[in-house]
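Visitor: Kindly return the folded structure for what I paste below:
(chains A, B, C and D)
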Protein chains: 2
Amino acid sequence: MTSHPTGFARHDHGLCVTSALAAADAACKARGVQFTAVRRRVLEILLEAHAAMGAYEVLARLDREGLGSQPPVAYRAVSFLVEQGFAHRIERLNAFVACSAPGVAHSPVFLICRACGTVAEAEADLGSTLGAEAALSGFMIEQTVVEAQGLCPACQPGLEGAT
Amino acid sequence: MTSHPTGFARHDHGLCVTSALAAADAACKARGVQFTAVRRRVLEILLEAHAAMGAYEVLARLDREGLGSQPPVAYRAVSFLVEQGFAHRIERLNAFVACSAPGVAHSPVFLICRACGTVAEAEADLGSTLGAEAALSGFMIEQTVVEAQGLCPACQPGLEGAT
DNA sequence: CTAAGTATGTTATAACATAACAAGCCGGAA
DNA sequence: TTCCGGCTTGTTATGTTATAACATACTTAG
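Guide: Residues are numbered from 1 along each chain as shown, chains lettered A, B, ... in the order given. Model (predicted):
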């Protein structure tokens, strides 16, 4: 049983990958969009990594597996996943990460560990705070990006233990 | 007298540029760092634009003025300005914008108008909300990026008036 | 003056992203 | 069945953003 940090808590990673793929599969069927081999494999790759991956990094994997070798292949796949809410783009890193709560409407906050690259997806209701702020000036918010960088529990000095 | 939106409110832009430059000048003297011609000019360009500008866009200006023609020139200047707190990087746009409150410690929130490209810098205390969220999982935040995209008052349909 | 540190000039290349068009697949209408 | 229309993929080419690396010049303190 593989165990990785998520939200910096341990869990059965193999299981979470499987169920996320199944959820995506179901969502695609429901929406009448195609969950093709490349798209499925890219989501799987992102889920397994459980960290942000650049498009070219994903592409390298696809290439090795004979699923595509040119940039558009990777970009199309991750774009699809982001559109469908199965993955998110991390602006700060120019990278992509699997969504940890697909299907649920959310305005995610990303906690990016600068040491190990792990990205945790938290939910913080910044929308209301931000909305109030924006309303004062008449700005109409359509979308927000919130990304925090720092150190995850496992990478903080003097804290690596508690295994 | 030139008048531009800032924080989507009108103000004397010429004056704000002048005073921001003066403030930067003073800060550099106080810190013992050099406010060279290129650095000064880049800050001025960003202040005048009052919108996010890409590094290559800044570079094009510098080139026309004989201040430099290669990418590193622009990147070094904007990096300096960001380090000193005179400008910010907008991750979402891969662009840079002059800081509207240099010298004041702040965790800015950017309101990016997708129509006109204007970037307003708001202050929202998301740090505390976020910090609490993160503390639950043991994550230690070092830096946060908050960027909202939408429409500024001037670009919202049916609102462009009130001139 | 000169040495140390800082800044700039320049070349080259890395890393990230998309435009544009051809070719294949697949399902439904004729 | 055949054809068509929409979607997906293959491929070439290029555009955009960013930095490594090293040479040169400036600035300032001793």
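
Visitor: who touches A:Q143 in this structure?
Guide: Taking Cβ atoms under 8 Å, 6 or more residues apart in numbering or on different chains, we find A:Q143 in contact with B:A148, B:Q149, B:G150. The C-beta positions use only the backbone N, C-alpha and C, and glycine is treated the same way.

Visitor: Give me the secondary structure label for it.
Guide: With DSSP: H, G, I helix; E, B strand; the rest coil as the basis, A:Q143 sits in strand.

Visitor: can you list the residues that contact stretch A:75-85?
Guide: For stretch A:75-85, the external contacting residues (Cβ under 8 Å, 6+ apart) are A:24, A:27-28, A:31, A:33, A:38-39, A:42-43, A:46, A:55, A:58, A:62, A:87-89, A:96, A:98-99, A:102-103.

Visitor: Could you pick out the buried ones from the residues you listed?
Guide: Buried subset of the contacts of stretch A:75-85 (neighbour count, 16 or more other Cβ atoms under 10 Å in any protein chain shown): A:24, A:27-28, A:38-39, A:42-43, A:46, A:55, A:58, A:62, A:87-89, A:96, A:98-99, A:102.

Visitor: hang on, the earlier thing: which of the contacts of stretch A:75-85 fall within strands?
Guide: Counted as lying in strands by DSSP state E, out of those, are A:A87, A:H88, A:R89, A:F96, A:A98.

Visitor: tell me which residues form a beta bridge with the third one?
Guide: This points to A:R89. A:F96 (DSSP bridges).

Visitor: what residues are up against it?
Guide: Counting by Cβ under 8 Å, 6+ apart, A:R89 has contacts A:V78, A:V82, A:A95, A:F96.

Visitor: Next: the last one.
Guide: Under the criterion of Cβ under 8 Å, 6+ apart, the contact partners of A:A98 comprise A:A20, A:L43, A:L46, A:L47, A:A49, A:H50, A:L81, A:F86, A:A87.

Visitor: Which residue, other than its chain neighbours, is closest to it?
Guide: With sequence-adjacent residues excluded and distances taken as Cβ to Cβ, 6 or more residues apart in numbering or on different chains, A:A98 is closest to A:L46, at 4.0 Å.

Visitor: Which one of the contacts of A:A98 is nearest to chain B?
Guide: The closest of those to chain B turns out to be A:H50 (Cβ to the nearest Cβ; 14.6 Å).

Visitor: Which pLDDT value goes with the closest one?
Guide: Listed pLDDT for A:H50 reads 86.

Visitor: now do A:L136
Guide: Looking at A:L136, its pLDDT is 75.

Visitor: Near DNA strand D, which residues of chain A are found?
Guide: Neighbours of DNA strand D within chain A, by Cβ under 7 Å from any atom of the strand: A:33-34, A:36-39, A:67-73, A:76-77.

Visitor: Leaving out chain neighbours, which residue sits closest to A:V42?
Guide: Counting by Cβ to Cβ, 6+ apart, the nearest residue to A:V42 once its immediate chain neighbours are dropped is A:A77, at 4.1 Å.

Visitor: what secondary structure does that neighbour sit in?
Guide: With three-state DSSP as the basis, A:A77 sits in helix.

Visitor: separation between it and B:L15?
Guide: Distance of A:A77 to B:L15, given as Cβ to Cβ, to the nearest Å: 50 Å.

Visitor: More neighbours: these two, which one.
Guide: When A:A77 and B:L15 are compared for neighbours, A:A77 comes out ahead with 28 against 11, by other Cβ atoms under 10 Å in any protein chain shown.

Visitor: pretty sure A:Q156 contacts B:I141?
Guide: No - contact criterion Cβ atoms under 8 Å: A:Q156 and B:I141 do not qualify, at 11.6 Å.

Visitor: one step back: the ones in strands among the contacts of stretch A:75-85: which two are farthest apart?
Guide: Using Cβ to Cβ, the pair of those lying farthest apart is A:R89 and A:A98, separated by 11.6 Å.

Visitor: surely A:F35 meets A:D25?
Guide: Yes - at 5.5 Å, A:F35 counts as touching A:D25 under the criterion of Cβ under 8 Å.

Visitor: re the thing from before, which one of the contacts of A:Q143 has the most neighbours?
Guide: Among these, B:A148 has the most neighbours (other Cβ under 10 Å), with 26 neighbours.

Visitor: can you pull the contacts of that one?
Guide: So B:A148 contacts A:L130, A:A134, A:F139, A:I141, A:E142, A:Q143, A:T144, A:V145, B:V109, B:F110, B:L111, B:I112 (Cβ under 8 Å, 6+ apart).
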